[in-house]
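Student: Got a predicted model here, sequence first, then my questions.
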Amino acid sequence: MQYRELGRTGWKVSAISFGAWAIGGTWGDVKDDESLAALHRALDLGVNFFDTANVYNAGQSEVAVGKALQGRRQGVVLATKVHGKMGEGPNDQGNSRLHILRACEDSLRRLNTDYIDLYQIHRPNWDIPQEETLSALTDLVRAGKVRYIGCTTHPAWLVMEALALSEKYNLVRYVSEQPPYNLLDRRIENELVPLALRHHLALIPWAPLAQGLLAGRYAVDQAPPSDSRAARLPNSIYAERVTPRGIEAGTRFSELARQIGKTPGQLGLLWCKDQPGITAPIYGPRTLEQLQELLPVLEMSLSEEERAACDQIN
């Protein structure tokens, strides 16, 4: 098993993070017991980094993950998130002190744990000063309810602002950022990756397979598979990323993977895992079969020729 340092924390985490976004409800024809079997198998094989969020399946992902980790909690780095809408009230979402403190207590209860290892701000909140958010997170860390904090899908300038504010006001510092990143979406290489390398910030990419485009799940002029995020969430950012140009690139990528003796999923995850500055891509297997296909990536590496062939696609 390959382990890497999680930013400046000194923690060693598996080079792939298990994403629990599909656990806690039925996704297509996949039931929870199949996904939980994959989670337990990942634990058995040495995966120790698990990522969920309070909004995944209306909190049921946290409940399921909490049950699955009972008796094995000490050996795990458990990450969850706050920001999304968790009720009908005007204060049941966002990055305000009120919502963060309430949401943390709710997540602790659902996860059935005394502390969260990595508590992440799921999205920016443009009308709330970052020092307000960081102050609330600092109180949670000092109370022992949270070990470290991170953010997700924040632009590089906003992450840098947060680091500067933490230093200026002696607040807890972000140790990680979780951006979308894959061969078809390389925007973070312009500013976020250099920032992370400069300030020892862990990068934990989501969508390393580009919503399945790099796994060859989509075809031109055909409807998305019924169990895909693009089909289930037709007006979401996931559906918007499934474009004819992306499908064409995914087809070329699938052909390349087969030429070098890997599955498209393996090659897509491997490319992301071994890019500069990356700590651990998040992969969310819904079945044991999906887990068994991609876990060997932890022992794989890309040759320079293979990397160059990937770059030629995008």
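Tutor: The structure has been received and is ready for your questions.

Student: Tell me where the model's unsure across the chain.
Tutor: 26-31 (pLDDT under 70).

Student: which non-adjacent residue is nearest S176?
Tutor: With C-beta to C-beta, 6 or more residues apart in numbering as the criterion, S176 has its nearest non-adjacent residue at 3.5 Å, and that residue is G150. Glycine gets a C-beta too; all of them are placed from N, C-alpha and C.

Student: Now do the contacts for the one you found.
Tutor: The contact partners of G150, by C-beta atoms under 8 Å, 6 or more residues apart in numbering, come to A79, L118, Y119, Q120, I121, Y174, V175, S176, E177, Q178, A202, I204.

Student: Roughly how far does the residue in the chain sticking out farthest from the centre sit from I247?
Tutor: In the chain, counting by C-alpha atoms, centre = their mean, D221 sits farthest out from the average C-alpha position, at 29.7 Å. Between D221 and I247 the distance is 9 Å, computed by C-beta to C-beta, to the nearest Å.

Student: Kindly report the same for S166.
Tutor: Relative to I247, and taking C-beta to C-beta, S166 is found at 42 Å.

Student: Please apply the same query to L158.
Tutor: 31 Å.

Student: Have a look at the two and say which one is more surrounded.
Tutor: Applying other C-beta atoms under 10 Å to L158 and I247 shows that I247 carries more neighbours, namely 18 against 15.

Student: What separation is there between L78 and K168?
Tutor: 30 Å.

Student: Compare these two (neighbour count), which wins?
Tutor: Taking other C-beta under 10 Å, L78 and K168 do not tie; L78 has more neighbours (24 against 9).

Student: Just give the nearest non-adjacent residue to the more buried one, would you?
Tutor: L78 sits nearest to D117 (C-beta to C-beta, 6+ apart), 4.9 Å away.

Student: Need the three-state assignment for that neighbour.
Tutor: strand (DSSP: H, G, I helix; E, B strand; the rest coil).

Student: I149 is in contact with that one, correct?
Tutor: No - using C-beta atoms under 8 Å, D117 is not in contact with I149, being 10.3 Å away.

Student: Please say which of the two ends up with more neighbours.
Tutor: Taking other C-beta under 10 Å, D117 and I149 do not tie; I149 has more neighbours (25 against 20).
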